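A.B. asks: curious how this folds, go ahead:
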Amino acid sequence: MARESGGAGRGAADDGTLLSIGAVLGRLREEFPEVTISKIRFLEAEGLVEPQRTPSGYRKFGARDLERLAYVLRVQRDHYLPLRVIREHLDAMDRGEQVALPGPAESKEALSGPQNALDFPVTTDQPAELRIGREELLEATGADGKELAEWESYGLVEAGRDGGYDAEAVTIGRLVVELGRFGVEPRHLRAVKAAADREAGLVEQVVAPLRRHRNPQTRTRAEATARELAALSVRLHAALVQSALRLRLR
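C.D. replies: Model (predicted):
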């Protein structure tokens, strides 16, 4: 498989020897010191790598698995690509196709844009009729009814009067599921929801005078301003979390 140059995957298990997840972690940490076993398991759950299994259920990774993991971690670090794009890259490489990675300017845009944080665009102008049903939401997120009820109990998602959910419920559900793989439960996310409500209130306060204006163009500008403020708020939140973690993990 073609990949970016780097040290983590070179010469690893080239003789056909299969590696345990602990051995893989050790190889990867030479280039990616922050990687964890949970991260490797998460990438496996996302279908980006498919290690063999022993009769007793232990994972065994070959050279190709190690190369794929190194590629995923490298392009996440250097190019800030979301997993769905990386998956497309890996599929193309498996077909023998060449993959063009974004240049520095494109990578910077990916980092600064809301898709890096959510893997979905931040919008505030979803049409009111864009609704999904309960079963569609469960299928899209991989959750079950009990999990959905728990999300609703903590206000993370909310059904409308018609019993349907807005498009953002899928994004929220998928992120809650991903966080759950790291042991973060819905009850832990109450503070995140409260912060989001406060940020939305701030945006609403800023654009309220524009929305009340008689000029239709000004009211239209209010929607664009709200979208821009929402994107900036997401970026600021991500930067503050990263800064706080650096201070705590020193």
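A.B. asks: now find how far off-centre the longest helix that the chain contains is within its chain.
C.D. replies: Looking across the chain with DSSP state H, the single longest helix is helix 216-248. Put simply, helix 216-248 sits 17 Å off its chain's centre (CA atoms, centre = their mean, to the nearest Å).
A.B. asks: and that helix, what other elements does it pack with?
C.D. replies: Secondary-structure packing of helix 216-248 (3 or more CB pairs under 8 Å, 6 or more residues apart in numbering; DSSP states H and E): helix 114-118, helix 190-211. The C-beta positions use only the backbone N, C-alpha and C, and glycine is treated the same way.
A.B. asks: where do the helices of the protein begin and end?
C.D. replies: All helices of the chain, identified by DSSP H, fall at 21-28, 37-45, 63-79, 83-94, 104-112, 114-118, 134-141, 145-153, 168-180, 190-211, 216-248.
A.B. asks: so where's the chain uncertain?
C.D. replies: In the predicted model, the chain carries pLDDT under 70 at residues 1-15, 102-130.
A.B. asks: is it true that E50 touches G62?
C.D. replies: No: the criterion here is CB atoms under 8 Å, and E50 misses it with G62 at 10.0 Å.
A.B. asks: burial measure for R68, as a count.
C.D. replies: If you count neighbours by other CB atoms under 10 Å, R68 ends up with 23.
A.B. asks: and the gap between it and E44?
C.D. replies: Between R68 and E44 the distance is 10 Å, computed by CB to CB, to the nearest Å.
A.B. asks: rewinding a little: have a look at E50 and G62 and say which one is more surrounded.
C.D. replies: The residue with more neighbours, out of E50 and G62, is G62; 19 against 12, by other CB under 10 Å.
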